[in-house]
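Engineer: my questions are about this predicted structure, shown below with the sequence.
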Amino acid sequence: MLSSLPSRLRLLALRPASQTPAYQVTAEKVAAAFGRSTSPLPPYEFRLIAPDDPEMEAALARADVLIGSSVPTEAVAATRGALGLIQLTSAGVDHLVPLDWLPAGVELTSASGVHGPKVMEWAMMTLLMLHGHLPHYAAAQRRHEWSPRESSTIAGRGLLVFGTGGIGKAVADAGRVLGLVVTGVNRSGAVAPGFQRVVPTLLAAEALGEADFVVLAMPLTPETRGMMDRDAFARMKPGASFANFGRGPLVDQEALAAALESGHLGGAVIDVATPEPLPASSPLWAVPGLIITPHVSCDDPETYIDRTLDILVGNLHRRAAGLPLMNRIDRQRAY
């Protein structure tokens, strides 16, 4: 890692044609982020470019920093310019692995943490909906049935969160506000902020059977793909509820449907699915006790890019000082 910055920074931001304007990096937003900096940074040049632009190779050759999500990996792999940092505008990196395209000496950092405030609100809503049997009532309404179910207060019940990163912590924060007893699951079982207890993945099976709510908030990796299968759902407490804030392929969707249709699960909310968009022909739409939202739980169109660029600015200061970067992706573990 360099311990200094160039006298003039050259920032290159990617602008895919399909990207929603609210999530585009603009010159105005970059200027505002630099303006929020508490310490001086070098002057900079800023350019927007489409990932498939014929000038991409030449633009990369001049850039010190690349900003975006749909990274042109072949072009980056071939660059021999000054590029030293890629700041992703996404928290997940599963769409870029394996990272064999990432040149030695180029750091990759994610937007992990920008989702926190929005996820916390969404998680609180989801937990209350599940506890209050809203998925059941939505299905009953479609059947034109008056089908009451009672519930006590939510405080004191158990929440199990798979993933203790930024999104997982936001879910845990929501659970604690509601008075839940929050347990996290990560690979090592290492203590994580916001969780009253953390268990390693190898011991998660027992924890599954103790929780009233199970939430996935972890990245998609070869190890986590399909982790919630028939066996995992069967281990859950009868009547417990499930939610997925992570990635669709974490879940065996047929197993989820079976657990709901049998009544073993009390309800479920998924914000991600396989594939996305979920086709109209998918049988998931008709599963009783399941609420599906179209991957909207995490992103705040008013603050997302601002918060991402604040991470970038912070990392530029860290780079200048020779400090470890925030949200640095380990190219060996890739998440």
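Structural biologist: Arrived safely, thanks for sending. Residues are numbered from 1 along each chain as shown.

Engineer: how far does stretch 148-165 stretch from start to finish?
Structural biologist: This stretch, stretch 148-165, spans 37 Å end to end (CA to CA, to the nearest Å).

Engineer: name the residues of that stretch that are buried.
Structural biologist: Burial within stretch 148-165, assessed by neighbour count using 16 or more other CB atoms under 10 Å, is assigned to 154, 157-165. Backbone N, C-alpha and C define where each C-beta goes, glycine included.

Engineer: could you give the bridge partners of the closest residue to I292 other than its chain neighbours?
Structural biologist: Excluding its sequence neighbours, the residue lying closest to I292 (CB to CB, 6 or more residues apart in numbering) is I270, at 5.7 Å. Per DSSP bridges, the residues bridged to I270 are N244, I292.

Engineer: was I right about I270 contacting R247?
Structural biologist: No: assessed by CB atoms under 8 Å, I270 is found out of contact with R247, at 10.6 Å.

Engineer: which of these two has more residues huddled nearby?
Structural biologist: Taking neighbours as other CB atoms under 10 Å, I270 and R247 compare with I270 leading, 27 against 21.

Engineer: okay, the more buried one and I311: tell me how far apart.
Structural biologist: Per CB to CB, to the nearest Å, I270 is found 28 Å from I311.

Engineer: where does the closest residue to A172 other than its chain neighbours sit: helix, strand or coil?
Structural biologist: In space, and not counting its chain neighbours, A172 is closest to G194: 4.1 Å by CB to CB, 6+ apart. Using DSSP: H, G, I helix; E, B strand; the rest coil, the structure places G194 in coil.

Engineer: count of neighbours near G194?
Structural biologist: So G194, with other CB under 10 Å, has 18 neighbours.

Engineer: how much space between it and A123?
Structural biologist: Per CB to CB, G194 is found 12 Å from A123.

Engineer: residues of the helix or strand harbouring M125 that come out buried?
Structural biologist: Secondary structure assigned from DSSP states H and E places M125 in helix 116-131. Buried positions in helix 116-131, judged by neighbour count with 16+ other CB under 10 Å: 116, 118-120, 122-124, 126-127, 129-131.

Engineer: return the residues in contact with the residue of the chain most remote from its centre.
Structural biologist: Largest separation from the mean C-alpha position in the chain: W146, at 37.1 Å (CA atoms, centre = their mean). By CB atoms under 8 Å, 6 or more residues apart in numbering, W146 lies in contact with A140.

Engineer: does it sit in a helix, a strand or a coil?
Structural biologist: W146 ends up coil, using three-state DSSP.

Engineer: element containing the residue lying closest to L178 once chain neighbours are set aside?
Structural biologist: Excluding the flanking residues, the one nearest L178 by CB to CB, 6+ apart is I154, at 5.3 Å. Counting by DSSP H and E, there is no helix or strand that carries I154.

Engineer: do you know how far I154 is from K29?
Structural biologist: I154 is 39 Å from K29, by CB to CB.

Engineer: repeat that for Q141.
Structural biologist: Distance, Q141 to K29, using CB to CB: 42 Å.

Engineer: neighbour count winner among the two?
Structural biologist: Counted by other CB under 10 Å, Q141 and K29 do not tie: K29 has more neighbours, with 16 against 11.

Engineer: ok, and the closest non-adjacent residue to that one?
Structural biologist: K29's closest residue in space is I305 (CB to CB, 6+ apart), at 5.4 Å.

Engineer: pretty sure that neighbour is in a strand, no?
Structural biologist: No: per three-state DSSP, I305 lies outside any strand segment and is helix.

Engineer: residues near it, how many?
Structural biologist: Count around I305 with other CB under 10 Å applied: 24.

Engineer: now do T221
Structural biologist: Residues contacting T221 under the criterion other CB under 10 Å number 17.

Engineer: surely it touches D94?
Structural biologist: Yes: with contact defined as CB under 8 Å, T221 counts as touching D94 (7.1 Å).

Engineer: strands of the stretch 51-200 of the chain, residue ranges please.
Structural biologist: Secondary structure of the stretch 51-200 of the chain (DSSP state E, counting those that start in this stretch): strands located at 65-68, 85-88, 107-109, 158-162, 181-186, 197-200.

Engineer: packing partners of the helix holding M125?
Structural biologist: Helix 116-131 sits against helix 166-177, strand 213-216, strand 241-244, strand 267-270, with contacts defined as 3 or more CB pairs under 8 Å, 6 or more residues apart in numbering; DSSP states H and E.

Engineer: in JSON lines, list these along with mean pLDDT and distance to A286.
Structural biologist: Compiled in JSON lines, the helices and strands packed on helix 116-131 are given as follows (pLDDT from 0 to 100; distance: least, CB to CB, whole Å):
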{"stretch": "helix 166-177", "mean pLDDT": "96", "distance to A286": "27"}
{"stretch": "strand 213-216", "mean pLDDT": "98", "distance to A286": "22"}
{"stretch": "strand 241-244", "mean pLDDT": "98", "distance to A286": "18"}
{"stretch": "strand 267-270", "mean pLDDT": "98", "distance to A286": "14"}
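
Engineer: nearest to E150, out of those?
Structural biologist: For those, the distance to E150 is smallest for strand 267-270, at 14.3 Å, taking CB to CB.
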